[in-house]
Structures are given as C-alpha cells and as structure tokens.
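Peer 1: Quick check, what structure comes out for this input:
(2 chains)
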Number of protein chains: 2
Amino acid sequence: MSTFLEQGTRFSLSDPTLLPNSAGYLWNRKMMIHVNCQGYVVAQYMNPEPKKYTHVPNLAATSFMQPEQPYFAHHPGRFFYVRDDETGELFSAPFAPIKTQLDSFEFQPGLTDVKWVVKHSDIELVITLTLGEDEAAELWNVTVSNTGTTQRKLSIIPYFPVGYMSWMNMGAHYDASLNSIVCTSITPYQKLEDYEKNKHLKDMTFFYSDMAPDAYETSLPRFEGQGGLHNPSALQHKGDLSCKEACYEMPTCAMQFKLDLKHGEKKALNFVFGPALNKQEIQQIIDAHTGDEKDSATRAYADYVSSGVGVIEIETPDDTFNHFVNHWLPRQVFYHGDTHRLTTDPQTRNYLQDGMGMAYVQSEATRKVILTSLSQQKVDGEMPDGILLTPEATLKYINQIPHTDHSVWLALILESYLNETNDLKVLHYPVVWADDERPSSVLEHMNRAMIYMCEARDHRGLPFIAQGDWCDPMNMVGPKGKGVSGWLAQALSVALQKWVKISRKYNDEALIKQFESTIEQLATISHEYLWKGDWYARGITDDGVTFGVPEDKEGRIFLNTQSWALLANMPSAVQKQKMLTAIDEQLDTPYGVMLCAPAFTAMREDVGRVTQKWPGSGENGSIYNHAAAFYAASLYAINEPDRAFSVLRKMVADPQSDTFERRGQLPVYIPNYYRGAYYQYPDTAGRSSHLFNTGTGAWFYRMVIEEMLGLKGCEEGLMIDPKLPSCWSELTVKREFRGAQFHVTYRRLPDIREAEIHIDGIKLQGSVIKKVESQSNYRLRVDLPLT
Amino acid sequence: MSTFLEQGTRFSLSDPTLLPNSAGYLWNRKMMIHVNCQGYVVAQYMNPEPKKYTHVPNLAATSFMQPEQPYFAHHPGRFFYVRDDETGELFSAPFAPIKTQLDSFEFQPGLTDVKWVVKHSDIELVITLTLGEDEAAELWNVTVSNTGTTQRKLSIIPYFPVGYMSWMNMGAHYDASLNSIVCTSITPYQKLEDYEKNKHLKDMTFFYSDMAPDAYETSLPRFEGQGGLHNPSALQHKGDLSCKEACYEMPTCAMQFKLDLKHGEKKALNFVFGPALNKQEIQQIIDAHTGDEKDSATRAYADYVSSGVGVIEIETPDDTFNHFVNHWLPRQVFYHGDTHRLTTDPQTRNYLQDGMGMAYVQSEATRKVILTSLSQQKVDGEMPDGILLTPEATLKYINQIPHTDHSVWLALILESYLNETNDLKVLHYPVVWADDERPSSVLEHMNRAMIYMCEARDHRGLPFIAQGDWCDPMNMVGPKGKGVSGWLAQALSVALQKWVKISRKYNDEALIKQFESTIEQLATISHEYLWKGDWYARGITDDGVTFGVPEDKEGRIFLNTQSWALLANMPSAVQKQKMLTAIDEQLDTPYGVMLCAPAFTAMREDVGRVTQKWPGSGENGSIYNHAAAFYAASLYAINEPDRAFSVLRKMVADPQSDTFERRGQLPVYIPNYYRGAYYQYPDTAGRSSHLFNTGTGAWFYRMVIEEMLGLKGCEEGLMIDPKLPSCWSELTVKREFRGAQFHVTYRRLPDIREAEIHIDGIKLQGSVIKKVESQSNYRLRVDLPLT
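Peer 2: As a prediction, this is how the structure comes out:
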C-alpha cells in the first residue's frame, strides 16, 4: 500500500475513498498549503496577517485553520477534468469532483512536492505541485500520457475554483499578455482608515499557463451550470469553454487544452497559481518561476526545505519510525520554527517551544527566539501572552486572555539551546525590556522571569492560574484571582530546577538558595493540596474546589499533572506506581493517551472553556499529542523507556497497523490531536484532527535525540545515555553535534551488564565525550545489555 | 407560465433551470426566510442580533444577507429525496440537489406560504412552508400522492442540512421523546465575558416530525458519503439510514419514511424546523405548532400578514401591476416597517423611510418611528447615524461612519404621516433628547433638526457631506470636513419646503422666514456651483474638485442630483428639458434608470468607496431602485406621469416581458438593484440583486397612492389629483382613508377638457373631499380628459 521514497512516500490505492481526508503539506516563508489526496486544498499566506486566496462559495470568516476541516463539493481545490473529445467521456484527477472509480491512483506527498499518478481509460496523468522559495505561488506540472494503443483527442481542463472573493467587487478575465486568468476583487471595508490598509492587500488571484489555452472559463456559474461539479454544464455535449469574462460572478480559473496524442505520446503543462497585488507582480512571479528560471526556483525551494533537515538520521528496525524521524519530523519542527505557524503574534508558549525544536534544526533561530521573547518582557519580569513579530502586529484572539505559564518555557528553550550549542555567552547578552530601553543581560531577564512566577502564588504557595495555563481552555478556574493551577506548581518547579542548573555558576548563591527552597516548597504543597487518591489534582478553583480528583464524574484525572509531577520529581516510588496505574486504566487507549478523562459532556462553570468542547476533540479528553509528548518525557525521566516509546510510537499513524484507517491520516506529520473520549465515544476515537500546528514535534524530536538515543549535549561535550526500547537489538544513527558528525551503532549484547561506549574503537570512560571538535567525524559504538 | 392566485402566484415551468435563483420570502416578528425555487434557503433570526441557524459546510461570517447570493451544492436548503424502494430510482424535490428533469414543476410563492407541486414518475409531492406568528420555526407539510396505476413502496427522505455550526462543539442525535433530530453546538468564544452572553444563544437546531421515522441520519459525512448530494451514499443500493448520532461531525437532519401507497393514495407528513435554546423550548415550539394547535398557528400567521394589507386595491388594465400593488408591494412595505430589516440598529434614513411606508399600512407604527427617532436626537439637533431598538443594541458597521443626511427624512416621514392621519397633535407631543431627559415638543425637535442641517454648511452655503449621505458609498468626498454634497443641497431644500408647509401655522414667522430664505439661497448656490453643462453635479470634494460633471469620464452624471433638483423645484423649464434629455441618453436602459454613469471601473480617491464596487452592482452605476423611485417622484412633481409610470413599471419584473429571464426574478418584490452599467457590461445588465431590503417599496407605494392615483390626504380631507399613465382608459380603486372606504372609478373621456370628480353622484367643487367620515363608504367617479 505504501512505499517510502527518498523524497517522500508513495501511497498506491485502488480506491482513494479509503483515505478520504489524507493530505500532504508544503510551505515556504510566505505561505502554507495543505493538499488533500482527492484534490481539495486549504491554502493560506501572509499579507500581513494570514489570509486565504481561494474561498468557499460564500462569505467565510478569515480564520486560522480548523481541526477536522470538512470538505465538500465546492470546497477550494485544484482539479483537472479530462475529457475524451471524441466520446465525451469525462473524469477528473486526482479524484474529485467527479470521483470516478479510477484504474489506478497514487498519491505521493513529498518533502518538496506533492504528486499524484492517476490512470484511467488508457490515459495517465502525473500531477506535481511544488512551491517557490519566497513567494506565495503554487507551481503545478501536469503530464498527460496516452498509454493506449490508439490516437486520442483529449481536452485537459484544469479547474481551480476561486470562490466568493468579496461582496464589494469580484470578477475575472483572461489576460493574453500574461497568458493568465486574473481574478480581481476588492476587500470590503466600511471605515475610511481601512482603505489605506486594504490598498496593500493582494486582492488578485491569478492562474498562469505556459501554453496558450484553446479556450477558458472565468465564471463558476457558467462553468458549473445546472450540471454540478460532478458533471459541469460547460463540459457536456463535447462543448468548449466560453472564453468570456466573469462580471461580479464567482470567479474561477478554468482553461481548456486540446491535446491530440498519439499512442505513447505525452504532453506537459505548467501552471502558476496564487495571489498578487497587481499585474506587474503577476508578471514578476511568472518570470521568476517559469522558462529558464523554473529549475533554479525548484532548486531554491529544495535548498530551503533541506536547510531544515535536522541533526539525526536513524536506522532502526522500525521502517515507519525511521522514515518519520528522518524526514517528516524535522520538517514539521522546521515548519513551526521557521514560519511561527503563519501568525504575526504567536502565543508565547508556542513561540518558545517551536523555538526549542529549532535548536535541533537551525540553532541560530532558537537564539533569535530567546532574545526576541525577552525583549518583550516587562522589567517586573512578566512575559506577555503573545510575541509580536512585525511592527503592525497586535495581540489577538487567545492572546488577549491572561495566562500565567509563559516563563516556564523560557527555561526549557534555554536548556535545549545550551545543550545543543553550549553558547553560554548568550546569558550575558544585553536585551532591552518592553518598558525600559536600558538593556539587561539574559541572565537578569531570566531571573526576573522566574521571580515573577514565584511571586504569582497564593498564601499556600500555589501558582495562580488566572484565565489559563499551557493549553488555553480553563478560563473559569481563576478569573477572580484566587484559583490556582496544580500543573503550574509542577511546571514552575521544573523550570526552576532547569534554571538553577543552568545559572548556578553565574547567579548569587542567595538567589539559587531561594529558588531551591521554592522547589522544595512546591513539592511539599503539591503533596499536601494536590495529591488526591492515586494521582495529582489539576487545580483548585476560585471558590476552593479541588478538581481532577477521584470524586469528579467528568475530568476526574488529567494527564498533565501526572507527567509534570514526574518531570519535577515530586512523587515517591509508591506514588509513581499508583499514577502509572491510574493513567493506564483511565487515560491510555489503543490510539494514544488522553489528556483527561472522562471527557466533559456538559459545562462545568468552575472549570470553564475546555468543557465547552466536544468530548474527545480539542483539549476535552482527546489524545492531545502535545500532552502525550510531555508524558513520554516524564516516562524517560523515570527511566521507563518502553512505556515512553509506546506513547511516542502511537502518535505516528502507521500504514501497517489496524488503527490506520480509523485515523484517516498519512504518517507525514503528527496532528495536534487524535479524537479521544475512547470509553465514551469508541466509534470516533482515534480520528485525526488533520491539524499539523502543534508543539508536539519539538518535544518528540528532542526526546528521540536526547532521551531515546541518549545523544544529549552538555557543557563538557556529548553525553551518551540511551533509553532505547527493549525490542530494538541493533540500530545506527548519524548525529550532527556542534559541527562534528557522530556515526553511532547501538547493539544489545547478551553478555554485558551495563552500557559500554567505544569511540573510534577506544572505550570511553564515563558517558561524556569531551572536547568535541567541529568538522570531525567520530565513530561510536554503544553496546547495551539485553535489558 | 404564471397565474395569479388569491394568496400568491403560481409558476408552472417544464424546466426549473429557467429560473435558477427565483425565490419567495416569508417572515415573522422573529425571523426571515428566503426560499429559492430549487429548495435553497437563506434564513435568519434575531437572538438578539441577526443569526443563522443553518450554515454552509465551513466557517462562515455571521453577516447581513448579501446581494446576488450564490448557491451551490452544499448551500443550506430544504430538500426531499424520493426513492422507489423497489427499483432504487431516486429524485429530489423541489429540484436540487439531484436536479432530475421532472415531469412537472410548480412554484407558488404565496403571501403566507411558499408551495411547490412536483410530479415525477407517477408521484406527486405538494410541499408547503409556512411560519408561526411569533416564533423562529418553519412549518413544513409534504403530501405525497401515488398518481400512477400500481402500488408503490417509497422512501421519502427530508434532508435539511445544518452545516458547520461551530468549531468548538457540534453534534446531533435523535430524541425519541421529541420525535426530533436535535443538532447541538456551542458558539465559540475566547473571552470569559462572552460566555455569559453566549449562554442565552439558541445553539440548537431541531427537526421535528409528526410521524415517527423508519430511520434517520444525523451526520452529513455519513449521509453524503463519497456519492455526493446528487447521489448520496446513504441512499444507494436501496439502503436505509444509519440511525446513528453525529459526534463532532457536521450535523444534518435527515429522516426516512417508508410509505406503501396504493393507486391514488396520499400521505401527509408535517415537520417543524428551527433554532432553540434547549429541549424544553423545542417541546414548547412543537406543542404550539402541531396537533390541535396547528390550525390556530396557521391562522395567527395569516392574521399577522393580513394586518399589513395596505390602503388600496386597484384594478387597472395591467394585471401584473395590479397584483404587485395589491399584494406584494404593501407586503414588502410591511416587512420593512414591522421588522426593521431584522436589525437592532437600523440606519436612521432606512428606519425613517421604512416608517414612512408604514403610514399607508399601519400608521400607528409610523408615529412610533417618529417618536423613537426623535428621542435619540441630541439637544443641538443632530440625529444619530442609526436608531437603537433594544437596550443592548450598539451602532455597528456603516452606522459608525458619519453621514449628514439623516434629518432630511424626518420631514418626509412626518409629511406622509400627517397626510394619512392628520394627527397634527403629534407636533406637540413631548419627546426627550438623547442627552437631556427634559422633553421638548416634536415641533421643537424638528426645528432643531432643520436648523442643525442648515448650519452644517460651508462658506458658500453648501452642506457638508462628511463620509456620506443617503446611500453610503462616497466616503472620500468630505472626510476632511470641507467636501460638500450637491444632492444634500437639494434634499435640504426639499426637507425645508415640506417642514415650512407643515409647521407654518405653529412656528414663529421669523423662523419660517429664515427657512424660506435658506430655500432661496440653496436654489441660487446650486445653480451657481453645481449646474454644469446640462445637469447638476453630484458634489465638490475636500480639494475643491466638482464631480459628476461632463468632463468626468466615469461618474459623469448622477441621477439623484437631477431628481432632487426637480423635487426642490430648482431648475428652470429649459434646464429641466436638458436634464431629462441627459438622463434619457446616459442613464435610461431597458431595465430601468441607472444611479450614475458611466459606472466607475477603477478607484477614484477623491470620491471613495462607491468606486470600489463592481460596475453595475450596488451603488456603482446599477439600476438602484430606491434612486429610480426618487426619480419617478420627481417626474410626478413636474407632471410627467407617463415617464414616471415607465420608471416604476420597469422595477416590477414582468413574466410576460422580454427582460424577465435576464432578471431571473419573480415579480414578488422589488430588489434593491438590478445590474446596470448597461453600456459597459450589456450582457449582465438587468440581473436582479435578489435582495429585498430597500427603501424603494415605501416610495413606490406612496407614489401610487398619492401621485399616480392622486388620492392624497391633506388637512381638509382627501385631495383628488390623479396622474395616471395615458394608456389607461379605465380603472377602479378601493382606497381606505381615515377609516372611510372610497370606491373610485377613473375613466378617460373624449369630451372633457379637465378632470371632473363626482362623489356619490354629486359633482365635487375643487379637488378636495372635506370632512371625511370614518366608517363611511364613498363612491367616487373621476373623469379625465384623454391625455
């Protein structure tokens, strides 16, 4: 069913309906495109905020991408109708809108392209999409072959619907000098001041062909007629497209190419599709991506993507896992870190965690994230809810809701950055404050961030939650300023522990002592106020109600307060065992570990927004992969590598497994969630959100490198401390680290009792390879006991 | 093709695709529904703002209804699939989504219901929609008959798609105790304070059946499958619906009824569909509209609609015109006046003009509009941009943009109200101010409104335009506070003339003199600054550029500055002739008179927003019926009844005329515009906006009564001064006036030279019937010379 290519994966299916919503995705610095295997598409670009350039045929909110995005006949897509002009027989590629049963169908989401190979009625179409490096423009190639024995007269009709652009003004026409269909619109506005902003918006969508079309259509109503997209009126009775313009009708881009193909003959068509400010810009985009420039544009994009390859290459007994970790995982980490999820005001915690992942991809980006974030910190130590990345950006949506956890992530990103680079100088780098232009060192910024968090606690010493922490959904626990977060008590401890470790050398002893005493205190009060039954409660509300406790019928146990208690090393051995048992019994499922259980089925007014979400979706009891990654990290922390691997492994949809079809997702990214509420809604559990924006990738990648493979940087060099799954008896890894290349072979041997490490044939004393030299190659042999 | 029914119109078509977007509409105090003849629907209700309860299958902005609303396969609709369970043959009624060629198709938009009669394959469906009086709930009746000679086993499957309700939470289930499919959702929010508001929103959509279904489906993906709505997977292979619930899937309401019908047998199904807060409310709605309550609910709605019948009934030689004026026109006026276009903050000019129309339907509503508006006036005389109708309402959208014309409409509504009621006491009624609780008389309010407008003028005496007047689209003429409006110079004169006439008896002579001198001055300066070539310019920009002049390539001539110059009696006889010639040559078209010409094809930055609209749509050179109505009024004012009638007549799409198909609209309402730009885009000119919110109806109705039929109220009684089209030689009219009934017969006679009026057989001296007695019947004979 699937094979792994050098540059991606090929899925061969007799029937594409088996994977109705599987998709690949591509992005560049300006845009993102999510390409469904049937041809449906969600594309967004920055101008300067996220914006769509194809629309549903109705007014739609310009909004962030949604989980479980539904598709329907008129959903934006990129479709190619193929008509035999002698018989009138019609089908569409890749599949929709006609959805004819094809002779064969291949979908190949690649690292730098997305490709289909479709065969039907002795015609083969190879359809390829790629992008340029730095332009919001799709580059399409369609190669049509006559694989039959007779000559064929065909019409190939690319149909790229543009949809309802604007109620104020929309239309489309064919521009012969551009060889393009140009769809025009004006973003609606009412306030005069918006006119000046709107002037700079790319209100055009264009479709360029490198070959002049024999006919074209610019209007959806004329193209579709009463026939419907499954049988467009314009294509019935062997008719040709109208070659008319669309006057305040829903614009569409359709061109007709009449091909006369001999047996075995093929013909390639090239298209460019995207938004533009004006016709000059269209011309520039065409010039930069076609003709002689085509190859260099393709190369430039490939170079861009390969600049995010990451620092490891693994060869384990698990092919799917290898392929995912070698290709798709660093690519997902790079997407997040390089585009900031296509927002101008990323949530602070997202920005920092995405930056954490970049430590293992492009560590200079991590440095930039640290310095940018701290430059928006206030002198009192408080971090903002979102980080502004452009001069015009403002805090929007969830960034207007006060959360209390932002500084936790500062300690984590700094740890990753230092592990990977050992760039300790950064601690002394001067950074301004949001409310004071006089710079202070990163060290000072970090100290104030930690102190601010330590002070934002109640009389018991528990941290206030305000209207949320980590994930955003608990907005009613602490709006009165009294409610506290159990998770944040633990996360603060983790952050302080990491910061103490990093800063011990550079900070006053008194301050370190103060931090250490807070760490102690947090453990004590967590035990006192949060340990309920066999696990830690999630928090205590404004009115003093402890929740996430055995007495609760819904939201009885939360994964995060177990994971972070473990990460903070709070529970005793007995407590640990109880927690793991509770997780296994209440949260684990065949599809992964749920965030909380039982999912809320009704509003609980002292907990808030999470309980308004559909049970098993979003944060309400879903298999929320970001939290599952935290849990895996905590399992590594308590030396449970098999459990940890199992948690990670379930995140990667496996085409060979039973659960694959239920998930409906190809293993090319980790989605933010799989549906949970497994014991409440077993029929829908496991379904993918199909949303690839998630902090999971950064944690997953870091864990594979530093914990599972145990190739973690430290001040002295590279520490070797693997925690491999016991089922793996041999594997090899290439690890790039501080400019050096490590070629590592792991073996399990029956006759040793503890790990033995050989470097270039010489047995290593201890577990740290010191004085790593840049540009050098090291051969490492790690021999491990059988377990 | 069409026949007129007592309660509506019947359209019989062999092929419904001839009228793809024709629609009827219904409303009650809570909701509005626009029902396309194919089954597509736009429905909104108030809760407290306008809100949709069916959605496109994607995130859609909650927005006012758009002109030229596009429909597509998954657009919300109310569809009935019919399947022969023995053969599997499938079709849908009324037409979409399958769009099978039917044996016959009838669409009957009525005054209190909308009905279809569809025949196919020896099955007849009669589908009827009506509403209750005071509830957002649709009442559907479907009667299925076997008209063939054999027994039939059928499945009838009503399919009411609900669409993408919310990304936060959506689902659907069948509730057996309610015999309803209940779709649930939670309106998404991020800010805590929105939770309290959202709690009161009706987040449910329900579908009730009076007969228990044999099966049901609640999920769109499951219903449609890969087959598409034209061939839903759930209905293929004679299968039955799944009877499963929808868990965070797009909800849909589909029920399956298996009918075993003998030759000639029929079966009726009844459904209720609408939004609800909770299940208790669903039960209440069902109880109030079904079983024993059904008939009284239907009667209550019919009573409601008939309370808006209006004050005339005409029988002229023009059947379409009669039907429109007797039924659809007062209904459209009533819709506007009673619902305020389903907004909580109507624009002041809309609210006042809609209220003006109500003078001829329910004059007590007009009084309320006058008093409500004036209570929101400031003590300095300024009127706000919108009138707030509920305590929670706020000024939104266009009401945040400063316009300068609001008080013009006060004089016009007052004139209509007094014409119709002679309720002169209203002038002395005490009304509070927006910024002062001490009340003043309506007279004082009106004086200050007029004085405020008189003072808001520049050194030349021309009124400032700020960011707009009348229609909203010229936001860049005067934002700096200098630009002036030619139209408003004339409209102010009209308002002052009307106010002087009304208030002469009650005002100081000095004030009247001041108003009269302003009227004089406005005529002089209009001539001096605005008369350019053969017509009046539209205005002068902030930078002193006069526009709407012969030198302009686009926007050369504006209709409004001609119409209102005529209404203000400004031009000389020679000027009048030049203006009419210019209008005939540049603005008139077979479909009506355009608002301006040539339409703008590009932005003109000193004019503004109008030029951003598609040429021929909206206010940019369309046949904007509200302005055409002004023009007709001005033609009556200069005694050009044939021209005036021609302008009015073109607004009513005539099923017998050549232009009918182009318009694509049934003559059941006047839309806000027909596409114009006739000389630039002849192919699309004439198309209807399909938007029935417009000030046109009020003006049209008033003109028919007071000008064309010449049955205008005055202080003494009823003035008879008809201006009939010359082609009508005989007609009769019933006119209700101040409680009396007038039965009027008009005849053109060859042997008289001026009008002769007989009342109850006695010749009237002068043209005023004095001392009209309530409850009386008068027989009037109006004999007119041949032209």
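Peer 1: which bits of the stretch 651-787 of chain A sit near chain B?
Peer 2: Residues of the stretch 651-787 of chain A lying close to chain B (Cβ under 8 Å from any Cβ of the partner chain) are A:675, A:681, A:683-684. C-beta: built from backbone N, CA, C; applies to glycine.
Peer 1: Tell me the buried residues within these.
Peer 2: A:675, A:681, A:684 (16 or more other Cβ atoms under 10 Å in any protein chain shown).
Peer 1: Let's see the pLDDT reported for the last one.
Peer 2: The predicted structure scores A:Thr684 at 93 on the pLDDT scale.
Peer 1: How about it: what's its closest non-neighbour residue?
Peer 2: Sequence neighbours aside, B:Cys247 is the residue nearest to A:Thr684 in space, at 4.7 Å (criterion: Cβ to Cβ, 6 or more residues apart in numbering or on different chains).
Peer 1: Return the residues in contact with the one you found.
Peer 2: Contacts for B:Cys247 (Cβ atoms under 8 Å, 6 or more residues apart in numbering or on different chains) come out as A:614, A:616, A:681, A:683-684, B:171.
Peer 1: The same query, at a cut-off of 10 Å, please.
Peer 2: Residues counted as contacts of B:Cys247 (Cβ atoms under 10 Å, 6 or more residues apart in numbering or on different chains) are A:614-617, A:675, A:677, A:680-681, A:683-685, A:687, B:170-173, B:218-219.
Peer 1: if I look at it, how far off is B:Phe207?
Peer 2: Plainly put, B:Cys247 is 18 Å away from B:Phe207 if you go by Cβ to Cβ, to the nearest Å.
Peer 1: ditto for A:Leu131
Peer 2: Distance from A:Leu131 to B:Phe207, by Cβ to Cβ: 45 Å.
Peer 1: returning to what we had before: present the residues of the stretch 651-787 of chain A next to chain B as JSON lines; the columns should include secondary structure.
Peer 2: Output for those, formatted as JSON lines (DSSP: H, G, I helix; E, B strand; the rest coil):
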{"residue": "A:Arg675", "secondary structure": "coil"}
{"residue": "A:Tyr681", "secondary structure": "coil"}
{"residue": "A:Asp683", "secondary structure": "coil"}
{"residue": "A:Thr684", "secondary structure": "coil"}
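Peer 1: Most widely separated two among the residues you listed?
Peer 2: Greatest spatial distance in these: A:Arg675 and A:Asp683, 9.7 Å, computed using Cβ to Cβ.
Peer 1: Between those two, which contacts overlap?
Peer 2: Common neighbours of A:Arg675 and A:Asp683 (criterion: Cβ under 10 Å, 6+ apart): A:662, B:247.
Peer 1: right, and A:His230 touches B:Lys99 too?
Peer 2: No - with contacts counted by Cβ atoms under 10 Å, A:His230 stays clear of B:Lys99, the gap being 11.0 Å.
Peer 1: In this structure A:Gly592 contacts A:Arg662, no?
Peer 2: No - the criterion here is Cβ under 10 Å, and A:Gly592 misses it with A:Arg662 at 12.0 Å.
Peer 1: more neighbours, these two?
Peer 2: Shown here are A:Gly592 and A:Arg662; by other Cβ atoms under 10 Å in any protein chain shown, A:Gly592 has more neighbours (28 against 19).
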